[in-house]
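K.L.:
Here's a sequence, model it:
(2 chains)
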Amino acid sequence: MNKVLSVITIVVFSFISSNAFSGDDGKIEINGKKNGKIEVKDCFEKVNRGIFSFNQVLDKAIFKPLAKGYRIFPQPIRSGTSNALTNLSNTVTIPNNILQGQFKNAGINSARFIINTTLGIGGIFDVASYYGLKKRDKEDYGQTLGVWGAGPGCYLVLPILGPSTVRDSIGSIVNMTGGDAWYNVTVVNQTQYFSEADYYASRLLTGIDFRAKNLESFESLENSSVDLYASVRSLYLQDRYRKVRNIDKTTETLSDDDWEELDSQ
Amino acid sequence: MRFFKYLIFFIYIFNFNNILLAKDPSALINEIVDEAASTLSSEDPVESKIIKLNAIAEKSVDIKGIGMYTLGKYRKTLNDEQKLKYQKLFRSYFLKSFSSRLVDYTNPKINVISQKKINDKYTIVNSVLEATSKRPQVNIDWRIYTKNPERPLIRDLIVEGLSLARTQKEEFNSIIQNNDGDINALFKTLEEFLIK
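P.N.:
Below is the predicted model of the structure:
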C-alpha cells in the first residue's frame, strides 16, 4: 500500500513538475527543416480527453491553490528553493548528458552539482554561475531515447502526470528503475541521511514551484483557448521536439510550408 | 547614352526611396512595445485600454494572414462566403483574446535583443520579457512578415520556442476534425467565445 501511495505521489508531482505544455486531426505534424516531418498520432484521443478533464479538476482543487499559497513566500526563499531543486535535477541530467554524447555539458553539470551542493549549501545558492559555470538545459531519458532515434509514438495523457508520449513515458519509468540517483538514495536504498519522504518532498516542491511560476500563463491559456486540450497537446509536442533536438534558435524550429502556401494564394 | 544616365539615376532614386521608406522590424517591435506599455501603465479605464490595445494590434499584426494560416488544410475547403464569415469571426476572436491577455499586465518590460532575416519575406526579432517577482524571464521571438518593407507585420509570437500561431492552428483544426470536417463547428465555437 505504501508503495502504491509512493508511486501515486511521484506521478502527481511529476505532472506539475513537467516544465512543458503539450498537436490536430489525430495526427500532429511537427515540422523540422533539418529533420523532415514527424507525425505524432493521438491514438486514444477520447480517453486522453477524459483523463485531461480529470487532471484539470485535480489541478483546480489541489495544485493551483498550493501554488498560490507558495507565492506568499518572499522571493529569496522561492529562488533558493528553485535553485536547490534544479541542482537535484542534475542527478537525471548528468547521466543523460553522457548517454547523448554531451560530454562537455556532463562535465559542467557535474562541476555545478558539486560546487552548488557544497559551497551553495545544498544548491540553495547558485555559486557555480558566479564562477562562470552557467546553467545548462535539463535532460531526461525520454529526450535521450529521442536523440537515439526513437520516435515519440502515440500522444498520451496520463492520469495526474499529464501530457506525454509513449517514448516519454518509457523515459519516466527509467527514472524509477535505477536511472535517477536521487531516487536511488532515498526510495530504493534508504540511508541514514535520506529517506523516502525527502524524495517525495522534493517532487512536491518541484511541482509547486513550477506551477507557481506559471500561474498567469496557465490562466491566460485557459481563458483564451477554444479547445484547451488541443492547445496543451500542441504546446507539449512543440516543446519536446525542441528539447530532443536541443534547439535553441527559433529559426531552426520554424517551418514556412503553410505560410508559403498562404502567400502564393 | 543620356537615356542610360536617366535610367541609372531613376533606379538609384527609386531604391534610395525604398530604403528610406522601409521599416526596420526591430523598430516595429520597439514601437508597439512602447505604445502598449504606455497604454497599460496609464490610469485609463479597462475599456479604454482595450480599445487602444486593439488599435495597436490592427495596425501591426497581420490578423487576416494569421486567420488563414490557422485554418491549415481546411483553408482550401472554404467557399467565398465562408471565407468572409471566418475572417470576420477570427478578427473579433483575435482582438478579444489579445487584449484580454494583455490587459492584466501593468507595465511589461520587453527588450529587443537582436533580429535575423530568414528570407525576403520573414525576419525574426528576438526579445526578452523581463522577470518579475512572480515569474521568470521569458524569451519572446516575433515572426515579422516583411514582403512589404514599408509595412512589416507581425505573423507569429514564439514564446520560449513555442509558436502561438501553430498552437492556434492545431486548436482550430482539432475542432473541425472532431466535427467531421465541418467548418460551421469552428464558427459556432468562435461565436460562443465572443459572447462569453
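K.L.:
C-alpha only now, for contacts and for neighbours.
P.N.:
Fine.
K.L.:
Just confirm residue A:105 is within a helix.
P.N.:
Yes - under DSSP: H, G, I helix; E, B strand; the rest coil, residue A:105 falls within a helix.
K.L.:
Near it, how many residues? Count them for me, please.
P.N.:
Residue A:105 has 18 neighbours, counted by other CA atoms under 10 Å in any protein chain shown.
K.L.:
any idea how far it lies from residue A:97?
P.N.:
Going from residue A:105 to residue A:97 by CA to CA, to the nearest Å gives 6 Å.
K.L.:
Buried residues of the strand or helix carrying residue A:46, list them for me.
P.N.:
Take DSSP states H and E as the rule and residue A:46 turns out to sit in helix A:45-58. Residues of helix A:45-58 classed as buried: A:45, A:48, A:51, A:52, A:55, A:56 (neighbour count, 16 or more other CA atoms under 10 Å in any protein chain shown).
K.L.:
What of stretch B:67-80?
P.N.:
Neighbour count says stretch B:67-80 has B:67, B:68, B:69, B:70, B:71, B:72, B:74 buried, by 16+ other CA under 10 Å.
K.L.:
Make JSON lines out of those residues and add distance to chain A.
P.N.:
Below are those laid out as JSON lines (distance: CA to the nearest CA, whole Å):
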{"residue": "B:67", "distance to chain A": "11"}
{"residue": "B:68", "distance to chain A": "7"}
{"residue": "B:69", "distance to chain A": "7"}
{"residue": "B:70", "distance to chain A": "9"}
{"residue": "B:71", "distance to chain A": "10"}
{"residue": "B:72", "distance to chain A": "7"}
{"residue": "B:74", "distance to chain A": "11"}
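K.L.:
Make JSON lines out of those and add secondary structure and pLDDT.
P.N.:
Output for the buried residues of stretch B:67-80, formatted as JSON lines (DSSP: H, G, I helix; E, B strand; the rest coil; pLDDT from 0 to 100):
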{"residue": "B:67", "secondary structure": "helix", "pLDDT": "94"}
{"residue": "B:68", "secondary structure": "helix", "pLDDT": "93"}
{"residue": "B:69", "secondary structure": "helix", "pLDDT": "93"}
{"residue": "B:70", "secondary structure": "helix", "pLDDT": "94"}
{"residue": "B:71", "secondary structure": "coil", "pLDDT": "93"}
{"residue": "B:72", "secondary structure": "helix", "pLDDT": "90"}
{"residue": "B:74", "secondary structure": "helix", "pLDDT": "92"}
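K.L.:
which residues touch residue B:165?
P.N.:
B:66, B:69, B:70, B:155, B:156, B:157 (CA atoms under 8 Å, 6 or more residues apart in numbering or on different chains).
K.L.:
what are the ranges of the helices in chain B?
P.N.:
Along chain B, counting by DSSP state H, helices occupy B:2-21, B:25-40, B:46-60, B:63-70, B:80-102, B:164-177, B:183-195.
K.L.:
Quick one: list the elements packing against the third one.
P.N.:
In terms of contact count using 3 or more CA pairs under 8 Å, 6 or more residues apart in numbering or on different chains; DSSP states H and E, helix B:46-60 is assigned the packing partners helix B:25-40, helix B:80-102.
K.L.:
Kindly state which of those is positioned closest to residue B:183.
P.N.:
With CA to CA as the criterion, residue B:183 lies closest to helix B:80-102 of those, at 8.4 Å.
K.L.:
Buried residues, the closest one. List them.
P.N.:
Buried-residue list, helix B:80-102, by 16+ other CA under 10 Å: B:86-87, B:89-102.
K.L.:
Pull the most distant pair out of the residues you listed.
P.N.:
Going by CA to CA, the pair spanning the buried residues of helix B:80-102 furthest: B:86 and B:102, at 23.9 Å.
K.L.:
Alongside chain A, which residues does chain B contribute?
P.N.:
For chain B, the contact set with chain A under CA under 8 Å from any CA of the partner chain comprises B:65, B:68-69, B:72, B:97, B:101, B:118, B:124, B:133-136, B:141, B:158, B:161-162, B:166-168, B:170-175, B:177-178, B:189-190, B:193.
K.L.:
From the residues you listed, keep the buried residues only.
P.N.:
Here, 16+ other CA under 10 Å leaves B:65, B:68-69, B:72, B:97, B:101, B:124, B:141, B:158, B:161-162, B:166-168, B:170-175, B:177, B:190, B:193 buried among the residues of chain B next to chain A.
K.L.:
Out of the buried residues of helix A:45-58, which are close to chain B?
P.N.:
Answer for those near chain B: none qualify (CA under 8 Å from any CA).
K.L.:
nearest to residue A:206, of the buried residues of stretch B:67-80?
P.N.:
When these are compared against residue A:206 (criterion: CA to CA), the nearest one is residue B:70, at 34.8 Å.
K.L.:
Return the residues in contact with the closest one.
P.N.:
Counted by CA under 8 Å, 6+ apart, residue B:70 has contacts B:165, B:166, B:168, B:169, B:170, B:172, B:173.
K.L.:
Between those, which sits nearest residue A:67?
P.N.:
Nearest to residue A:67 among the contacts of residue B:70, with distances taken as CA to CA, is residue B:168, at 27.2 Å.
K.L.:
My read is that the closest one contacts residue A:231, right?
P.N.:
Yes - between residue B:168 and residue A:231 there is a contact under CA atoms under 8 Å: 7.1 Å.
K.L.:
For residue 62, grab the count of nearby residues.
P.N.:
Unless you meant another one, I'm taking chain A. If we define neighbours as other CA under 10 Å, then residue A:62 has 11 of them.
K.L.:
think we crossed wires, I meant chain B
P.N.:
17.
K.L.:
And what about residue A:40, helix, strand or coil?
P.N.:
strand.
K.L.:
does it have beta-bridge partners, and which?
P.N.:
residue A:28 (DSSP bridges).
K.L.:
give me the low-pLDDT residue ranges for chain A?
P.N.:
Residue ranges of chain A with pLDDT under 70: A:1-38, A:249-258, A:260-261, A:263-265.
K.L.:
so after whichever helix or strand residue A:78 is part of, what's the next helix or strand?
P.N.:
According to DSSP H and E, residue A:78 maps onto helix A:75-88. Using DSSP H and E, the helix or strand that follows helix A:75-88 towards the C-terminus is helix A:90-99.
K.L.:
I'd like the helices of chain B written out as JSON lines, with distance to residue A:86 added.
P.N.:
As requested, the helices of chain B are exported to JSON lines (distance: least, CA to CA, whole Å):
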{"stretch": "helix B:2-21", "distance to residue A:86": "48"}
{"stretch": "helix B:25-40", "distance to residue A:86": "32"}
{"stretch": "helix B:46-60", "distance to residue A:86": "38"}
{"stretch": "helix B:63-70", "distance to residue A:86": "37"}
{"stretch": "helix B:80-102", "distance to residue A:86": "30"}
{"stretch": "helix B:164-177", "distance to residue A:86": "27"}
{"stretch": "helix B:183-195", "distance to residue A:86": "39"}
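K.L.:
Confidence-wise, which of those helices is weakest overall?
P.N.:
Least confidently modelled of the helices of chain B is helix B:2-21, at a mean of 56 by mean pLDDT.
K.L.:
For the helix holding residue A:46, output the C-alpha coordinates as PDB.
P.N.:
Extracted in PDB, the C-alpha atoms of helix A:45-58 (Å, rounded to 0.1, in the frame of the first residue of the first chain):
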ATOM      1  CA  GLU A  45      -8.000  11.000 -28.100                       C
ATOM      2  CA  LYS A  46     -11.300  10.200 -26.400                       C
ATOM      3  CA  VAL A  47      -9.600   8.600 -23.400                       C
ATOM      4  CA  ASN A  48      -6.900  11.200 -23.400                       C
ATOM      5  CA  ARG A  49      -9.600  14.000 -23.300                       C
ATOM      6  CA  GLY A  50     -11.300  12.200 -20.300                       C
ATOM      7  CA  ILE A  51      -8.100  12.000 -18.400                       C
ATOM      8  CA  PHE A  52      -7.200  15.600 -19.300                       C
ATOM      9  CA  SER A  53     -10.600  16.800 -17.700                       C
ATOM     10  CA  PHE A  54      -9.800  14.700 -14.600                       C
ATOM     11  CA  ASN A  55      -6.400  16.300 -14.300                       C
ATOM     12  CA  GLN A  56      -7.900  19.800 -14.700                       C
ATOM     13  CA  VAL A  57     -10.200  19.100 -11.800                       C
ATOM     14  CA  LEU A  58      -7.300  17.900  -9.700                       C
END
